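>>> got a predicted structure plus its sequence, pasted below:
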Amino acid sequence: MSAARVMVLCLGLLAAPQTFADGDPLEPINRPIHALNEGVDRIVLKPAAKTYRRVRPGFVRAGIGNFFSNLGEVSNVVNNVLQAKPGDAFNDFGRLFINSNVGVGGVFDVASSLGLPEHQEDFGQTLATWRVGQGPYIVLPFLGPSTLRDAIARSIDTALNPVRHVDHVPTRNVLLAADLVVTRADILQAESVIFGEKYLFYRDAYLQRRNFLINDGEVTDTFDDDF
């Protein structure tokens, strides 16, 4: 079966009424994958993130983080257009243009000081605005929490990442690895708020975060309508 047919089939399943008994019908499968991801994080990612924070001064880390955030403006612009939010699309295009030029390739976030706020948009949110149901919660190997809808959207998000289009493979791989370590380093301090069982905490936190982003900050009280 072709990739296009697989995507059509998955979107059809998402559009169909969901009758899951609970919000995590794939839990027996998700838990072993969660354990695998935790092991990889403990052995590889977390030590790399700690080393990165230790050897790089704060202002250097801020600049690197700004650089990767600026690359994400491409996705923000495209998805705001697809979500029929021209004002936000124009705002994000302005951020991309200003920070890429005046901000030295995005190292400095000049746009924020000019009153252009940062948004976070991806194709998963776009599908949500198109009334595509989120489907079951899924833990992806090495990628972490997701939903069926967000997992499908990853292919588009990947295509919108400028780093993926760098022709020089070693450079592309270094940038991808650096982005991963920077992202992991940014959430090191957030680990202090984790309580209870990690699997349940990550699941609930992910779904709440996605709900927040999809609704542009207008949070609803339950996820029952999404299943």
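Great, that's in hand. Please read these numbers as outputs of a predicted model, since none were measured by experiment.

>>> the helix or strand harbouring Ala62 packs against which elements?
Secondary structure from DSSP states H and E places Ala62 in helix 58-71. When contacts are defined as 3 or more C-beta pairs under 8 Å, 6 or more residues apart in numbering; DSSP states H and E, helix 58-71 packs onto helix 86-101, helix 169-186. Yep, even glycine has a C-beta here, placed from its N, CA and C like the rest.

>>> any chance of the ones you listed in JSON lines, with mean pLDDT and distance to Arg131 too?
Below are the helices and strands packed on helix 58-71 laid out as JSON lines (pLDDT from 0 to 100; distance: least, C-beta to C-beta, whole Å):
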{"stretch": "helix 86-101", "mean pLDDT": "98", "distance to Arg131": "19"}
{"stretch": "helix 169-186", "mean pLDDT": "95", "distance to Arg131": "30"}
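
>>> tell me the most buried of the ones you listed?
helix 86-101 (a mean of 18; mean count of other C-beta atoms under 10 Å).

>>> quick one: contacts of it?
For helix 86-101, the external contacting residues (C-beta atoms under 8 Å, 6 or more residues apart in numbering) are 66, 70, 73-74, 76-77, 80-81, 106, 108-112, 114, 116-119, 121.

>>> for stretch 69-79, same thing?
The set of residues external to stretch 69-79 that reach it, using C-beta under 8 Å, 6+ apart, is 88-89, 92-93, 95-96, 99-100, 103, 105-106, 109, 118-123, 125-126, 157, 160-163.

>>> do stretch 48-59 as well
By C-beta under 8 Å, 6+ apart, the list of residues contacting stretch 48-59 reads Arg61, Ile64, Val181, Val182, Arg184, Ala185, Leu188.
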